[in-house]
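Student: I'd like to go over a predicted model; first the sequence, then the structure.
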Amino acid sequence: MLDFTPVSFYPPNFTWVSIMEPMLIDIGVKNVVLDSSHYTLSCKTQVWKWSSQTEDKLNTLLKDTVIDNKEVHKIYHLNKYGQNENQKTIYVFFRDFAAIEKLSFGNTGMFHQPYNWKVLQKYCQDLLSKLQPKEFVTLADDGDRINPVSIQNYTLFLREFISHPFYRLADLSDANYTFSDIPYLPSFSIGDHQSFWLSDLDGIHYKNLLDQVYQIKKNIQSDYLEEKIMDLQDVYFLFWKTISRKKYYLEKIYNILKKNEENIDGHSK
């Protein structure tokens, strides 16, 4: 349908499920942007022990591994063990979340930083002075945070880095650069599945309603229903807890379930 084939992927809220690697390769995606905390997760060391307090059941946990903050400034390459030269791969760019925090404008104590030109300028100068050849700062942020105010911070950032080349993702994913391998990239979400996405009754109930819609889709092949489901899968409902726009999704999902029930009643009569 499009006149070009997308080669870069920006997952919503930086959520990654490990099965995405072969799926993205199959559809021709070459680059993916993920969050720096995802890299931290991938470097954690698994440790385990037998717990005598729980009838000798095996317990396991992920222990933080000491990493250099500069590691997120490298380009990584998802490389399967024993991969041959002709096998396709994906290049991974981890956004520097510390930089994003400095650039997003907002209120003191909140996610966004207060507006402070001198502090930001010093941060940019320090960051630039530490960058080595073939190291890059990856920026990626939600569009709603790049607003008329924070755009000034982004503008200053780019001006401070005017001596450093600016690249698109596709410019860097070629043989001219040396990439560090990541054999396996585990699934990741910036919000824990239970404590964030499903921390409220709304989220749990909405997921159950979606499961009902998926079952309807399984029984009824419909392009119309396919489009409706894609809309309902937006992370908006699970992300925002008290915003009134959530009703938009509830009304849509209710109408699908109601229409299906009416169709069943009509057939039974």
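Tutor: Okay, I see it. Numbers count the residues shown, from 1 in each chain.
Student: Now do the contacts for the nearest residue to residue 5 once chain neighbours are set aside.
Tutor: Excluding its sequence neighbours, the residue lying closest to residue 5 (C-beta to C-beta, 6 or more residues apart in numbering) is residue 28, at 5.4 Å. No exception for glycine: its C-beta is placed from N, CA and C like everyone else's. Going by C-beta atoms under 8 Å, 6 or more residues apart in numbering, residue 28 touches 5, 6, 7.
Student: and with 10 Å instead?
Tutor: 5, 6, 7, 88 (C-beta atoms under 10 Å, 6 or more residues apart in numbering).
Student: Likewise for residue 158?
Tutor: Neighbours of residue 158 in contact, by C-beta under 10 Å, 6+ apart: 124, 139, 164, 166.
Student: tell me which element it falls in.
Tutor: Per DSSP states H and E, residue 158 falls inside helix 150-160.
Student: what's the average pLDDT for that helix?
Tutor: Averaged across helix 150-160, the pLDDT comes to 84.
Student: Residue 154 reaches residue 104, doesn't it?
Tutor: Yes: if you go by C-beta atoms under 10 Å, residue 154 and residue 104 touch, sitting 9.1 Å apart.
Student: Those two: which is more packed in?
Tutor: Set residue 154 next to residue 104 and count neighbours by other C-beta atoms under 10 Å: residue 104 wins out with 20 against 17.
Student: Hmm, the more buried one is touching residue 147, no?
Tutor: Yes: Residue 104 lies in contact with residue 147 (C-beta under 10 Å); the separation is 9.0 Å.
Student: and the gap between the residue nearest to residue 5 and residue 34?
Tutor: 19 Å (C-beta to C-beta, to the nearest Å).
Student: In stretch 137-156, which residues are buried?
Tutor: 137, 138, 139, 140, 145, 146, 150, 153, 154 (16 or more other C-beta atoms under 10 Å).
Student: Now for residue 220: which residues touch it?
Tutor: Contacts of residue 220 by C-beta under 10 Å, 6+ apart are 260, 263.
Student: coming back round to it: narrow the contacts of residue 158 to those that are buried.
Tutor: 124, 139.
Student: wait, which of the contacts of residue 158 is closest to residue 229?
Tutor: residue 139 (32.2 Å; C-beta to C-beta).
Student: That closest one: what's it in contact with?
Tutor: Contacts of residue 139 by C-beta under 10 Å, 6+ apart are 33, 93, 95, 96, 99, 100, 103, 146, 154, 157, 158.
Student: what are the ranges of the strands in the chain?
Tutor: All strands of the chain, identified by DSSP state E, fall at 8-9, 31-35, 45-51, 57-63, 75-78, 90-95, 180-182.
Student: which stretch in those has the least confidence?
Tutor: When I compare the strands of the chain, strand 45-51 is least confident, with a mean of 75.
Student: Break down the protein into its helices, ranges please.
Tutor: Secondary structure of the chain (DSSP state H): helices at 20-26, 36-42, 97-103, 117-130, 150-160, 169-172, 201-219, 223-232, 236-239, 246-268.
Student: Which neighbouring elements make contact with the third one?
Tutor: It refers to helix 97-103. Packing contacts for helix 97-103, counted by 3 or more C-beta pairs under 10 Å, 6 or more residues apart in numbering; DSSP states H and E, involve helix 36-42, helix 117-130, helix 150-160.
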